[in-house]
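**Q** Based on what follows, work out the 3D shape:
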Amino acid sequence: MDISSNLDAFIAFVRANQVWLAPIVFIVAFLESIAFVSLLVPATAILGGLGIVIGAGDLPFWTPFLAAVAGAFAGDWISFEIGRRYKSEVKGMWPLNRQPELFERGEAFFRKYGAPGYFGGRFVGPLRAVFPLICGISGMRPLVFHATNAASAVAWAAVYLGVGAGAGHLFT
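**A** Residues are numbered from 1 along each chain as shown. The predicted structure follows:
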């Protein structure tokens, strides 16, 4: 079986079960946005791949896109609140307690760059879910955090699902 027939079979499967597409996208984006859980969820590959399937299968884009935005927003919000409420306790937890100098550098980064640093941090690989945690611990104002969280969640979903969907259209 070649790649094209595998992709066609997967697209047919997703099309037949598309009612589950948005909930799956939400869960993947949500789990990828929770501090430390994100290390276990390869959301970049999953969401990019689903974007390709959406584009190649000519499936609806906006519902999974909004699910990705909502999942990313909710996951970062939870990580922010954990940092905000349990500042010192979080600093003592694994893996932050293994290299406290990295955490100190993260705090210094947010003191220097603030909300724009958090926005850009959403796109920094497996460490991205730690950024909202550090924002909470560092005392970023909730309104600033939530506004930046919303804007960066939209941009993040557009990059991962949108680029995938664009690539998927090239396959058809």
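
**Q** drop to CA atoms for contacts and neighbour counts, all remaining ones
**A** Noted.

**Q** So which residues of the protein form helices?
**A** Using DSSP state H, the helices of the chain run over residues 3-16, 21-32, 43-56, 62-85, 87-91, 100-121, 130-137, 142-157, 163-171.

**Q** which strands and helices sit next to the third one?
**A** Under the contact criterion of 3 or more CA pairs under 8 Å, 6 or more residues apart in numbering; DSSP states H and E, helix 43-56 touches helix 3-16, helix 21-32, helix 163-171.

**Q** now the second one
**A** Helices and strands touching helix 21-32, as assessed by 3+ CA pairs under 8 Å, 6+ apart, comprise helix 43-56, helix 62-85.

**Q** Run the chain-centre distance for that helix.
**A** Its chain's average C-alpha position is 9 Å from that of helix 21-32, according to CA atoms, centre = their mean, to the nearest Å.

**Q** if you average pLDDT over that helix, what comes out?
**A** Across helix 21-32, pLDDT averages out at 92.

**Q** Touching the lowest-mean-pLDDT helix or strand in the chain from outside, list them.
**A** Ranking every helix and strand in the chain by mean pLDDT, DSSP states H and E puts helix 3-16 at the bottom, with a mean of 76. Contacts made with helix 3-16 from outside it, assessed by CA atoms under 8 Å, 6 or more residues apart in numbering, are listed as Leu21, Val53, Ile54, Ala56, Gly57, Leu59.

**Q** again, only this time at 10 Å
**A** Applying CA atoms under 10 Å, 6 or more residues apart in numbering, the contact partners of helix 3-16 are 17-18, 20-21, 50, 52-60, 171.
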